[in-house]
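Undergrad: structural data only, the sequence is not supplied:
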């Protein structure tokens, strides 16, 4: 025979323990890197196009490249400490590719051909050779500016 026992009523003096909150979403490092890579390619094309339109480099464009790449890495990647470094490296590459794209656009204008023809004939190595011959100190400064801004932006956005 079993007896039916009623459990004691809860003591009103003890506060109810709330359920722990869900952990904060930390982001996705893979998504952050992929977004930063896409942003770097878009920024490189825009950087080269802006340089071609005004026929010179400006620091604000390199800053814009860094902001775009760093924002993409930090916003979608979260707080991972690797992302600011990856954003800086990708931003350096984006500024460099933008400078190569500018050279390709100038060669296309000079030869009255399409950019695809320039890329198929000269190739990236040929554009790199031209870049190395004409590179000045400011070209390297713009590379550093883009990387520095991307690092800071990714770090700040992920906080």
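TA: Sure thing, it's come through. Keep in mind the model is a prediction, meaning the values are calculated, not measured.

Undergrad: and residue 7, which of the three is it?
TA: Classification of residue 7 by DSSP: H, G, I helix; E, B strand; the rest coil places it in coil.

Undergrad: residue numbering should commence at 313 henceforth.
TA: I'll keep to 313 as the first residue from here, and by that count the last item is residue 319.

Undergrad: need the pLDDT of it.
TA: Predicted confidence (pLDDT) for residue 319: 70.

Undergrad: list the buried residues in the helix or strand hosting residue 444.
TA: Remark: residue 444 resides in helix 427-446, with elements defined by DSSP states H and E. Across helix 427-446, burial judged by 16 or more other Cβ atoms under 10 Å covers 430, 431, 434, 438, 439, 442. Any C-beta I mention is one placed from the backbone N, CA and C, and that applies to glycine too.

Undergrad: low-confidence regions, this protein specifically.
TA: 313-314, 320-338 (pLDDT under 70).

Undergrad: give me the helices and strands touching the helix or strand following the helix holding residue 444, please.
TA: Sequence-wise, the next helix or strand downstream of helix 427-446 (DSSP H and E) is helix 449-470. Contacts defined by 3 or more Cβ pairs under 8 Å, 6 or more residues apart in numbering; DSSP states H and E place helix 449-470 against helix 371-389, helix 394-423.

Undergrad: how about helix 449-470: buried residues?
TA: Buried residues in helix 449-470, counted by 16+ other Cβ under 10 Å: 454-455, 457-467, 469-470.

Undergrad: of those residues, closest to residue 408?
TA: Using Cβ to Cβ, residue 455 is the member of the buried residues of helix 449-470 that lies nearest residue 408, at 6.2 Å.
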